[in-house]
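Asks: below is the sequence, then the predicted model.
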Amino acid sequence: MPLFLFKRFLQAVLVLIGVSFLTFIVAHLTGDPVELMARENATLEDKQELRAFLGLDRPLAEQYLSFVGKAVQGDLGYSFVQRAPVTQLIAERLPATLQLAAAGFLLALLISVPLGIVIALKRNTVWDVVVTALAMVGQAAPGFWIGLMLVVLFAVELQILPVSGYGGPLYLILPAITLALQSAARLTRLVRASMLEVLNADYIRTARSKGLRERTILFIHAFRGAMIPVVTMAGLELAELVSGAFITETIFAWPGVGRLAVNAVYQRDFPLIQGVVLMAAVFFVVINFVVDVLYVVIDPRVKLK
Amino acid sequence: MRIHRSLTAGLIALTLALPAQSLWAQDAAPVVIASSEDVISLDPHMLDSNNPTGSVIWSLFDSLVRRGSDGSPQPRLATEWERVDDVTWRFKLREGVTFSNGEPFNAQAVVVNFARMDTAPFNSVQQLHDQTGLTEVRVVDDYTIELVTEKPTVNMLYWLAEAFIAAPGYITDTAPDVVAGAPVGSGPYLLGEWKRGDALTLVVNETYWGGAPAVKTVTFRAIPEVSSRLNELRAGTVDLVVGITPDSAEQANSDVSELVKIEGLRKMHMGISIKGEQPALADVRVRQALNHAVDVPTIVASLMGGSTSPLVSIVNPPNNNPDPTPFAYDPEKAKALLAEAGFADGFPLTLQWSTRFDGGKEVSEVVGAYLEQVGIKPSYEAVEIGQFRAGLSSASLKGIYFQGWAALINPSVELVILTCGHVDNSSGYCNPEYDKLVIEAAQTLDDAARQKLEFAAQAIIWNDAPWLYLWRLPSFFGISKKLSYDFRADNYLEPYLITYK
Amino acid sequence: MTRATARRFFGRHAIGLIGLTILFLVVTSALFAPWIAPHPPSAVNLMARLVPPAWVEGGTFSHVLGTDNLGRDILSRVIYGAQISLSVGAGAVVIGAIIGSSVGLLAGYFGGWVDAVLSFLINVQLSFPFTLLAIFLLATFGGGFLSVVVVVALATWVNYARVVRGQVMSVTNQDYVEAARSVGVPTLRILRHYILPNILSPIIVVASFSMAQAILTEAALSFLGVGVGGTQPSWGMMLNDGRNYLQNAWWMTAMPGIATALTVLAGNLCGDWLQDRTDPRLRQ
């Protein structure tokens, strides 16, 4: 077990090095950020001076090493477009993103788990067909499009929810739903399938033949068994949600890391892009790691090489 | 017991606070201004966008000269000025002004600030030295300075309006990234709170030399979606909205708010890239044909909701030469001109735009649809803003491109950008005859003589058509009915001039 | 076919039938767009801007689904839009399948350090927030058809790689393959005769899901303004155009969204159906 964890850890570090290198290279293949920062009619000398001031005239390898060296100490550099330290910019936006992702994740679980169980139990009834069909449509429609349609309905026509922005809980509703729907659709189908599989499994049959109460069987035995694949998927879904937050935050003007990142790409804010991507990669790697560990904890049968 | 006591104390405090609260609400309710963008930096010498960053800096700091909404120079930290000779300006400075940290304002403060503007990274943003040819700041006495330029210039007062003065000791001793977040100026407001990417609050400077403004608290909020800005205006949670699109303008009118239309100064055009990938554009007849092929008045009437008018010169009114005839919409004439130039069958043409201006894509697609009618084969390309700017400054965009140069009311500044090799001459136009007139005008101090030269230059450039002329970018604002304010065409907001009705 | 067998057939194949029918319709409109579409897709009419769909007050039957901000016919644009979505989807599926299957095949067959290196690559890709990477790449290298196809393929190759790797591993461990190996049958021949037949059907299943995913990704990228671009309308681009007009022209956003959802649904339905047909474990 410790060896396994160590291996995974090593792998995670390698992945992060790969990611940081890739971002750095791609960021520097783009055009010159000096063009963006200098005023519309700055002279060539002014621009050259600015380039030197920003350290952009140093060799690429040197720039990369200095980036990695500082990143390890939590210093992700300085955003010249926003004129603030990257770490600070991300830290300021992180709560909003976490709030949205958490709300979306909870919502997805709250919708999918009960719904999935119910339709598994009422298999092949009208309910099953209707919910499954809805889930398939939910999976097929672009999440951001559903978000826009929700805006038309609730914000433009009914005028009961704000179009976008950040403020009280009312502002959270539409973005959270938008973010949650696709996950909810996927998870509902997963819960259903996994519940069906468990209900057919030997140990449930044994429990039944032993004459245990149906409710006990359902909630103690079947539920636990059915949750194993769901936990794995839910971990991936959380990562997916953070990724999906980029576009959702852009639509709803949510002041989170996603919108920060999308704007940073448009403004060619290299240090900020690198910072966000690196942070997201750390997040993904940690989630994957936690899922692996959870997997071992929940289901001792799983052996990991 | 303790709970009881604090409860009582709280109640007393509440009762005491209540009347004050309601008085405050009536007389000086905070004003909330909503813009699409975030405030970027509060370093006065990093000012590179008019609103909201510029508006905030105009509120925190003073410049020597204020630029009135009609472009005329007015006293601010300088009380009066005169030209001593062709290259020397003398300014009398306001006495008794102190910065918010207690440092006094005097000639030395100007020297320190102007010197800072001329060093990296500030000199890549600040225009004062480059645009005026400023070479020396001479201290005559504590409250008199002389500015010496390399050559005679008519632009000094214009650029001084954007050269802000911060507390000299503070900016000398403090790291630039600290200055950017903790401004020390002498302006009508002080920084209250700044939540980056969300809101910035200004509080009144009660000891402002010009008298404390009527509005005591001003909040700048970033609300990217125009629909959200308008919703909040209608709901009364926002008092002033900047950046409204023509199609949504009507929605600024409500029970509590109204729409204000200002015919803007930014001259929108499709720049014609003479050195780009389409050699046909080097032929003046082809450029004129493009101008005849597009029905600008109809686009203004429909797409722009009649909110602006077509360009009549590359110089804004009232300084424009009234003589050049507008290019009438005449597809037949356009085809004839193309045929004359040897392009009867048209040619492929790339239309490019960036995210810098709203509607770049719409406008390009409409223009392209018109050009298709005269046989040109358009293709479209959204260009990422950085690449677009690089393309502008190297005059290397592909075909024609949607662009608008700054909102200016100064013919000399407006004309110079089309001289050979000028950094903003993104169409790559070059005509020595034009250059000669423009340079001569910029150094001519006699008003009548200068205007004659400027009119001649305008006439030449209009017919040479380095642009497909469109319209002046209109500005729409929304304002609460409780407030009154005269909006500026250049989008700067001066909250200290807002009053309650 | 008796009624009972018909019912059984349709019951079992219903999702496949629905999926294939939608797909057929979409492919038809893409192929025959010039004959089906009532108007040229880029014909601007400034006098007929933002006309609502026919069934809404103010709508006309010459523009059944209404017009957009420049007075272009939305129905025609949706029909032409199918061309972009399908060709991006198909292109991405082919490229993704080739890259992904090769990686999976190599990793699964050779195992050892080859597997370690390739699995590492897969992990790097999976630990990268893809949306950001895609915007980033496209903003850098410019949009355009080919870039979008490649970027979308980059998003999906991992799907193939993982499935193929697993499948190959299980096949390689079978006795008959080990036997073939031990008697010195050339690697290429083993791959062709024993491995390939076993991984084809999972590849097809993954391909139909990936097609759906590719179409969704293309829509998202175009929506963010880094899509195919050019003169041709695409559904994502239409969604992006419509976004500024949510307040006064919901149909600009609704119509391309429905088209996207239906097409993606078709891909997913076909995928489900194929999986059901080919994966005996899921057959119930």
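Replies: Sure, I can see it.
Asks: the closest residue to residue B:406 other than its chain neighbours: neighbour count?
Replies: Distance criterion CB to CB, 6 or more residues apart in numbering or on different chains; nearest residue to residue B:406, sequence neighbours excluded, is residue B:266 at 6.6 Å. No exception for glycine: its C-beta is placed from N, CA and C like everyone else's. Residue B:266 is flanked by 21 other residues according to other CB atoms under 10 Å in any protein chain shown.
Asks: same question for the one 3 residues further on.
Replies: When counting by other CB under 10 Å, one arrives at 23 neighbours for residue B:269.
Asks: again, but for residue B:285
Replies: Residues lying near residue B:285 (other CB under 10 Å) number 18.
Asks: now it, what's its secondary structure?
Replies: Under DSSP: H, G, I helix; E, B strand; the rest coil, residue B:285 falls in the helix class.
Asks: try residue B:152
Replies: Per three-state DSSP, residue B:152 ends up coil.
Asks: got the residues of chain C near chain B?
Replies: C:42-44, C:46-47, C:49, C:69-70, C:139, C:142-143, C:225, C:229-231, C:241, C:244-248 (CB under 8 Å from any CB of the partner chain).
Asks: filter those down to the buried ones.
Replies: For the residues of chain C next to chain B, a burial check counting by 16 or more other CB atoms under 10 Å in any protein chain shown picks out C:42, C:44, C:46, C:49, C:69-70, C:139, C:143, C:225, C:229-230, C:241, C:244-248.
Asks: of those residues, which belong to helices?
Replies: If you go by DSSP state H, those have C:139, C:241 in helices.
Asks: what does the stretch 151-300 of chain B have sitting close to chain C?
Replies: Proximity of the stretch 151-300 of chain B to chain C, by CB under 8 Å from any CB, involves residues B:226-227, B:245, B:247-248, B:251, B:298-299.
Asks: separate out the buried members of these.
Replies: Buried residues within these, counting neighbours by 16+ other CB under 10 Å: B:226-227, B:245, B:247-248, B:251, B:299.
Asks: which two of those residues have the greatest separation?
Replies: Distance extremes for these: the farthest pair is B:227 and B:299 at 23.4 Å, using CB to CB.
Asks: residue ranges with poor pLDDT in chain C?
Replies: Counting by pLDDT under 70, chain C has low-confidence residues at C:1-12, C:127-129, C:140, C:142-143, C:230, C:279-284.
Asks: and the residues of the stretch 151-300 of chain B next to chain C as a markdown table, adding distance to residue B:152, pLDDT and secondary structure?
Replies: Output for those, formatted as a markdown table (distance: CB to CB, whole Å; pLDDT from 0 to 100; DSSP: H, G, I helix; E, B strand; the rest coil):
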| residue | distance to residue B:152 | pLDDT | secondary structure |
| --- | --- | --- | --- |
| B:226 | 45 | 81 | helix |
| B:227 | 50 | 78 | helix |
| B:245 | 43 | 83 | coil |
| B:247 | 46 | 79 | helix |
| B:248 | 47 | 83 | helix |
| B:251 | 49 | 86 | helix |
| B:298 | 44 | 93 | helix |
| B:299 | 41 | 93 | helix |
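Asks: so which of these is the closest to chain A?
Replies: Using CB to the nearest CB, residue B:227 comes nearest to chain A of those, at 5.0 Å.
Asks: quick one, longest helix in chain A?
Replies: helix A:86-121.
Asks: do any residues in that helix lie close to chain C?
Replies: No - Helix A:86-121 does not reach chain C (CB under 8 Å from any CB); its nearest approach is 11.7 Å.
Asks: buried set for that helix?
Replies: Using 16+ other CB under 10 Å as the test for burial, helix A:86-121 gives A:86-90, A:92-93, A:96-97, A:99-101, A:103-105, A:107-109, A:111-113, A:115-121.
Asks: those: which ones sit near chain B?
Replies: By CB under 8 Å from any CB, the members of these lying near chain B are A:89, A:92-93.
Asks: which one of those residues is nearest chain C?
Replies: For those, the nearest to chain C is residue A:93 (14.0 Å; CB to the nearest CB).
Asks: pLDDT weak spots in the stretch 351-500 of chain B?
Replies: Those would be B:385-386, B:407-408, if you go by pLDDT under 70 across the stretch 351-500 of chain B.
Asks: what's stretch C:234-245 in contact with?
Replies: Stretch C:234-245 has contacts (CB atoms under 8 Å, 6 or more residues apart in numbering or on different chains) with A:142, A:144-145, A:148, A:251, B:226, B:245, B:247, B:361, C:50, C:68-69, C:74, C:77-78, C:81, C:84-85, C:88, C:218-225, C:227-229, C:249-250, C:252-257, C:259-260.
Asks: so where do the helices sit in the chain?
Replies: If you meant another chain, say so; for now it's chain A. Counting by DSSP H, chain A has helices at residues A:2-29, A:33-37, A:44-54, A:60-72, A:86-121, A:126-140, A:143-150, A:169-199, A:202-209, A:214-216, A:223-251, A:257-266, A:270-298.
Asks: looking at chain C here, not the other one
Replies: Under DSSP H, chain C gives helices at C:3-31, C:33-36, C:74-110, C:112-126, C:130-141, C:145-172, C:175-182, C:187-190, C:196-223, C:235-243, C:251-278.
Asks: and residue A:75, which of these is closest to it?
Replies: Minimum separation from residue A:75 across the helices of chain C (CB to CB) falls at helix C:130-141, 21.2 Å.
Asks: that closest one: how far from the chain's middle?
Replies: Distance of helix C:130-141 from the chain centroid (CA atoms, centre = their mean, to the nearest Å) equals 19 Å.
Asks: that one - contacts with which helices or strands?
Replies: With contacts taken as 3 or more CB pairs under 8 Å, 6 or more residues apart in numbering or on different chains; DSSP states H and E, helix C:130-141 sits against helix A:2-29, helix A:223-251, helix A:257-266, helix A:270-298, helix C:145-172, helix C:196-223.
Asks: buried deepest among these, which one?
Replies: helix A:257-266 (a mean of 26; mean count of other CB atoms under 10 Å in any protein chain shown).
Asks: so is that helix next to chain B?
Replies: Yes - contact of helix A:257-266 with chain B (CB under 8 Å from any CB) involves A:260, A:266.
Asks: tell me the centre residue of chain A?
Replies: Most central in chain A under CA atoms, centre = their mean is residue A:242, positioned 1.8 Å from the mean C-alpha point.
Asks: in what helix or strand does the residue nearest to residue B:165 when sequence neighbours are not counted lie?
Replies: The shortest distance from residue B:165 to any non-neighbouring residue, by CB to CB, 6+ apart, is to residue B:113 (4.9 Å). Assigned by DSSP states H and E, residue B:113 belongs to helix B:107-117.
Asks: within range of chain C, give me the residues from the stretch 101-250 of chain A.
Replies: Within the stretch 101-250 of chain A, the positions adjacent to chain C are A:136-137, A:139-142, A:144-146, A:148-149, A:151-152, A:156, A:163, A:242-244, A:246-247, A:250 by CB under 8 Å from any CB.
Asks: could you list which of these also contact chain B?
Replies: Restricting these to those touching chain B (CB under 8 Å from any CB) yields A:156, A:163.
Asks: OK, contacts around residue 238?
Replies: With no chain named, the answer covers chain A. Residue A:238 makes contact with A:101, A:105, A:287 under the criterion CB under 8 Å, 6+ apart.
Asks: hmm, I had chain B in mind actually
Replies: By CB under 8 Å, 6+ apart, the residues touching residue B:238 are B:32-34, B:221, B:223, B:229, B:232.
Asks: could you tell me how far stretch C:137-146 lies from the centre of the chain?
Replies: 19 Å.
Asks: so what would you say the end-to-end distance of it is?
Replies: End-to-end distance of stretch C:137-146 (CA to CA, to the nearest Å): 12 Å.
Asks: ditto for stretch C:115-135
Replies: One end of stretch C:115-135 sits 30 Å from the other (CA to CA).
Asks: tell me the confidence at the residue of the stretch 1-150 of chain B at minimum distance from chain C?
Replies: With CB to the nearest CB, the shortest gap between the stretch 1-150 of chain B and chain C falls at residue B:36, namely 12.1 Å. Per-residue pLDDT puts residue B:36 at 84.
Asks: dihedrals phi and psi, it?
Replies: For residue B:36, the backbone dihedrals (degrees, to the nearest 10) come out as phi -80, psi -30.
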